[in-house]
Each structure stands twice: as structure tokens, then as C-alpha cells.
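In: Got a sequence here, can you build the structure:
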Amino acid sequence: MLDRIRDIIGAANVLTGDDMAGYASDWSGHPRGTPLAVLRPGSAQEISAIVKLANETGTAIVPQAGNTGLTDATEAGDALLLSVARMSKIREIRPAGRIAIVEAGAILSSIHDAVAEHGLIFPLFFGARGSAMIGGALSTNAGGSNVLRYGNTRDLCLGIEAVLPTGEIVDLMRQLHKDNSGYDLRHLLIGAEGTLGIITAAVIKLHPAPLANATAMVAVPSVSDALDLLNRLQLETGGAVQAFEYMPRAYVETYMELSPTHRQPFDEQYDVNILVEVGAIAPRDAAPGADGQIPIAAHLEDVLGALFEEGAILDAVVAQNEAQRSEMWARREAAAEVITLHEPYADRDIAVPVDRMQEFLDDVAAIIARLDPGARDVSVAHLGDGNLHLGVFPTRPDEALCQQIGDAVEDAALALGGSFSAEHGIGLSKRASMARYKNPAALAAMRAIKKALDPNGILNPGKVLPDE
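Out: Now for the predicted structure:
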């Protein structure tokens, strides 16, 4: 079988043995099983030929993009691991239409750099953007820090090309904002984590790059007060808030362990710390005035000053230059490293209605107090869209305790109308949660779709859907 694949993609692109090391472990270095081989095709046509051969031989295929996932979705023991890394072209940028046509292996930061030359952004930003690829972001419907203003990856995609589990290539590379021509297969494949097809290319939406950013750290008495702050800022800026990130005191303290040379966000410590960023698109908000101040930054300072006088906020620091802005963002984008700094740890990717976040955090505190008094909660949140990344260091090295804390937190989230998976996907690690929480009728429909599109069950088997 591998000889036949070598004929399709070339011997140099079929990796075995030690050459697979960089693909067969996750971003933290933990092994994910030993693949039969790592395949590096260069086109949708080559992937199609490989998938057809896999159907013929009954061989499982696990797609992989930038290998930055957090749910073991690319575990490929006894399967062929198919990397889209060679398919990395940015085929076209069309500034007038605000779109780009990219291949699945295009790295997010490369897309950012390419469209920046046209005064545009592809507003999908998260810590792993220097290695994450657009194919993986689409396959998990990734979120990030700008969801508040621009939406998830699903909202940033107009069209896709994909290889179905049977090997057929489906061309959905539409460049339309309106297209009601039947079932939306694009949205079916986005977020399916490679179980229903291998995304090979996409038409993505671009937006005007902010001409100026106003970025600040703000301390508030509570998370409820933070949401009042967000709503006030949205009114004051015409909805220009593009990031609103929550970092509690324990998170900041743990970050300082990780990066002791960095500065504290404030001269004194606060329990609720918010990173807020407002982006100015209109020239009138970005051009420095006679005093040298940028209007959007001056306006943010004025609003925060008024809120301080009202007692609605406790403290605020507005970045005065790009270095200070970068320092603020570095603190937030180190979340994965902070949450995994000490092992073992309990972690979950939770979403709750935005206006119930304070209630949820109170529930989390009560769960920790009940199960492990003294455990350290270093959770962080995309507060503007209700997404909490749970991180808890227990008082003793007990994996079972970590699981118990995580399960209890999921229970609390679902009780408030939330979800056990906000932006990281399901993969292997959340299949048990799918079995516990997902509506049985919905699961049955998902299994029917999987069976219809992948009758031989070869594409990323064992992921997303729990066993019947």
C-alpha cells in the first residue's frame, strides 16, 4: 500500500520510523500513538487518490494541519497520518472583494502578513497562530480573541474545497455572501474535525485593518461589573471592542512564575483583571491630533476615567505604545503555558451565556472548595463571548481528582445552558462528555451523517462521536 502511495505523492513525502516524530506527538511533546506512516500530499487530487486507496484497503486516515490542537483529534495509532503542510499556498488576495483564496496548509501568521500588505486583516488571532494552519482552524471552527467583533472561523469563511471520505472532491469554493442552493455542506464540514472530509482550500473573508488600536488593562470589582464595562464601551465606541479578556489574580500570579521578568499589570494586585482592545477603522479616530494623541486612545482614556470616578472600575492602564500593547497581549496569549505549568491539572473549554459568567465562576469556586480546598484556579476567559478556559492545579498529584473537578465544572456549565466545548473541538478527549451531555436524537443524526458520508469508517475514526 505504501509503495502505491509513493507512486502518488513521491517517496520523499511518505515518512516512516523516526521521521514521523514531529507529527506523532502533540504541541506539548506528549506522544499520540505511532502512525503507519505520515503522508504529505501536495494537492486535493493526490489526497483523493490516497483516500480512494484507503477505502480499497480498509485503512484509516487521520488528517492533520498545524498540530496545535488540544483534544487529541489527530491521534493516529495504526492509521495513516495525512498532513496538509505542503499545501500552503495563498493563491489569491482580492482586496476589492475583501477575500483571499488559500490552501489548507497556509499558516495563519502567513495569511496575516500577506493581507496586511493590502491594509486588511484576517481576524483570526490566537497564541498558536505562528504554526496553526487554516485547514485545522476550519476543521475545529476555532475561536480566538477577536470572536467578539468578527465571529468564529465559520463566520470568516465563504467557501471550501474538500475531499470526502469516499475520495470524491467537492468544490464549494463560492465567493458569495448569499447562496441558498440546497444543504450547506460547507458548514457541515467546518467543525467536523476531519471526520466528514478533508478540507483542502478555502475562500476566507478579510476585513479592514484597524488604523489604530487602543489597548488597556482594567481592574473591576467583579465579573458582573466587567460585563457592565463591556456594554458601556460598546456603546461609547460604536461596537468597536474587538477583544475583552478576563484574567484573575491567580492567573496573573502564575504568569509571573512563568515570566518573572515581565511587569505586573498594575502597581497593586486585583482579583478581576480585564484586557480590552478597541480598534479604530475610520481615519478620524486614528489620526494623531495636535497634541499627538490618537483619538481612539484618548476616548478610551476619557471613558475609563469617567468610570473610575463613578467607582465602576478600580484601576486602568492604557498602552502608550506598541511595546506596552505587546506586553499586555503576551500575558494573555501565554494561557496554554500558564494552565499547563504544573502537572497534573484540570482543564476544560467551556461556554456559558455571557450574562451568566459570574454565576458560573461562583459555581466553579464552590466546586473547588468542595472537592479540593486549596486548589489553585488559574482559569482565563474570552469574557466577551462567554468562553472560559478552566485551569485548576490540585493540592495533590491525583489525576482522578482532576477528572472529578472537570466533570463537575461541565455539569455546572450545562446547568446554566452552556457547552462543554467552546472552541477546541471534541477529538478523543471529550467523547465521554459528548455521551453524557449531547441530546440522543442529535447524536443519532450525527452518526447517520457519518455513516452516509463515510460508509467504510476510514476518516479520522473514533473521534468526535462516542461509541453507541
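In: C-alpha from now on. contacts and neighbour counts both.
Out: Will do.
In: Tell me if I'm right that Arg356 and Gly417 touch.
Out: No - between Arg356 and Gly417 there is no contact under Cα atoms under 8 Å: 9.2 Å.
In: And these two? Which one has more around it.
Out: When neighbours are counted by other Cα atoms under 10 Å, Arg356 comes out ahead of the other of Arg356 and Gly417, with 16 against 11.
In: any idea what sits nearest the more buried one, other than its immediate chain neighbours?
Out: Leaving aside its sequence neighbours, Arg356 sits nearest to Leu416 (Cα to Cα, 6 or more residues apart in numbering; 7.3 Å).
In: Contacts only, for that neighbour.
Out: 352-353, 356, 360 (Cα atoms under 8 Å, 6 or more residues apart in numbering).
In: Just put those residues in JSON lines and tack on secondary structure, distance to Glu245 and pLDDT.
Out: Listed next are the contacts of Leu416 as JSON lines, based on DSSP: H, G, I helix; E, B strand; the rest coil; distance: Cα to Cα, whole Å; pLDDT from 0 to 100:
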{"residue": "Val352", "secondary structure": "coil", "distance to Glu245": "15", "pLDDT": "98"}
{"residue": "Pro353", "secondary structure": "coil", "distance to Glu245": "15", "pLDDT": "98"}
{"residue": "Arg356", "secondary structure": "helix", "distance to Glu245": "16", "pLDDT": "98"}
{"residue": "Phe360", "secondary structure": "helix", "distance to Glu245": "16", "pLDDT": "98"}
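In: which of these lies closest to Val51?
Out: Comparing the contacts of Leu416 against Val51 with Cα to Cα places Val352 closest, at 38.4 Å.
In: Any idea how many residues pack against that closest one?
Out: 24.
In: how far away is the residue nearest to it when sequence neighbours are not counted from Val380?
Out: Once flanking residues are discounted, Val352 sits nearest to Gly418: 4.1 Å by Cα to Cα, 6+ apart. Noted for Gly418: a distance of 17 Å to Val380, by Cα to Cα, to the nearest Å.
In: can you give me the helices for the stretch 101-250 of the chain?
Out: 108-116, 134-140, 147-150, 185-189, 223-237, 249-258 (DSSP state H, counting those that start in this stretch).
In: Tell me who's in contact with the closest residue to Gly374 other than its chain neighbours.
Out: Nearest residue to Gly374, sequence neighbours excluded (Cα to Cα, 6+ apart): Thr395, at 6.4 Å. Thr395 sits next to 372-376 when contact means Cα under 8 Å, 6+ apart.
In: So which of those residues is the closest to Asn141?
Out: Arg376 (30.0 Å).
In: Outline the domain layout of this structure.
Out: Using automatic domain parsing, the domain parsing of the chain gives 2-83, 90-208, 212-332, 342-425.
In: how about the ones you listed, which one is nearest Asp454?
Out: With distances scored as Cα to Cα, the stretch of the domains of the chain nearest to Asp454 is domain 90-208 (5.1 Å).
In: and the closest one, how far from the chain's centre?
Out: Distance of domain 90-208 from its chain centroid, counting by Cα atoms, centre = their mean, to the nearest Å, is 13 Å.
In: Span of it from start to end?
Out: By Cα to Cα, one end of domain 90-208 lies 18 Å from the other end.
In: could we number from 6 for the rest of this?
Out: Sure thing, new numbering starts at 6, so read that last one as domain 95-213.
In: Rounded mean pLDDT for it, please.
Out: For domain 95-213, mean pLDDT is 97.
In: Next: stretch 337-347.
Out: For stretch 337-347, the per-residue pLDDT averages 94.
In: repeat for stretch 289-306
Out: On average, stretch 289-306 scores 92.
In: ok, and what's touching that stretch?
Out: So stretch 289-306 is contacted by 216-220, 283-285, 323 (Cα under 8 Å, 6+ apart).
In: Tabulate those residues (CSV), appending pLDDT.
Out: Below are these laid out as CSV (pLDDT from 0 to 100):
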residue, pLDDT
Leu216, 96
Ala217, 96
Asn218, 96
Ala219, 97
Thr220, 98
Val283, 98
Gly284, 97
Ala285, 96
Val323, 96
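In: Among those residues, which one has the most neighbours?
Out: That'd be Thr220 among the contacts of stretch 289-306, by other Cα under 10 Å, with 28 neighbours.
In: partner residues bridging it?
Out: Taking DSSP bridges as the rule, Thr220 bridges to Glu282.
In: now swap in the one 5 residues further on and tell me
Out: Val225 has these beta-bridge partners by DSSP bridges: Val277.
In: so how many other residues sit close to it?
Out: Neighbour tally, Val225, other Cα under 10 Å: 23.
In: Buried residues in stretch 236-255, which are they?
Out: Neighbour-count burial for stretch 236-255, with 16 or more other Cα atoms under 10 Å as criterion, is recorded at 238, 242, 244-255.
In: residue boundaries of the helices in the stretch 256-405 of the chain?
Out: Under DSSP H, counting those that start in this stretch, the stretch 256-405 of the chain gives helices at 288-291, 300-315, 327-338, 340-344, 362-376, 404-420.
In: Can you redo those helices as JSON lines, where the extra columns are mean neighbour count and distance to Thr62?
Out: Converted to JSON lines, the helices of the stretch 256-405 of the chain look like this (neighbours: other Cα atoms under 10 Å; distance: least, Cα to Cα, whole Å):
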{"stretch": "helix 288-291", "mean neighbour count": "16", "distance to Thr62": "60"}
{"stretch": "helix 300-315", "mean neighbour count": "17", "distance to Thr62": "61"}
{"stretch": "helix 327-338", "mean neighbour count": "17", "distance to Thr62": "43"}
{"stretch": "helix 340-344", "mean neighbour count": "20", "distance to Thr62": "39"}
{"stretch": "helix 362-376", "mean neighbour count": "17", "distance to Thr62": "48"}
{"stretch": "helix 404-420", "mean neighbour count": "19", "distance to Thr62": "38"}
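In: Ala70 is nearest to which of the ones you listed?
Out: Across these, Ala70 has its closest neighbour in helix 340-344 (18.8 Å, Cα to Cα).
In: Can you pull out the residues in contact with the closest one?
Out: Contacts for helix 340-344 (Cα under 8 Å, 6+ apart): 256, 259-260, 263, 350, 352, 383-385, 396-397.
In: Convert the C-alpha atoms of it to CSV, please.
Out: Coordinates of each C-alpha in helix 340-344 appear next as CSV, following Å, rounded to 0.1, in the frame of the first residue of the first chain:
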residue,chain,number,x,y,z
ALA,A,340,-2.7,31.0,28.7
ALA,A,341,-1.8,27.4,27.4
GLU,A,342,1.6,27.6,29.0
VAL,A,343,0.1,29.0,32.3
ILE,A,344,-2.6,26.4,32.6
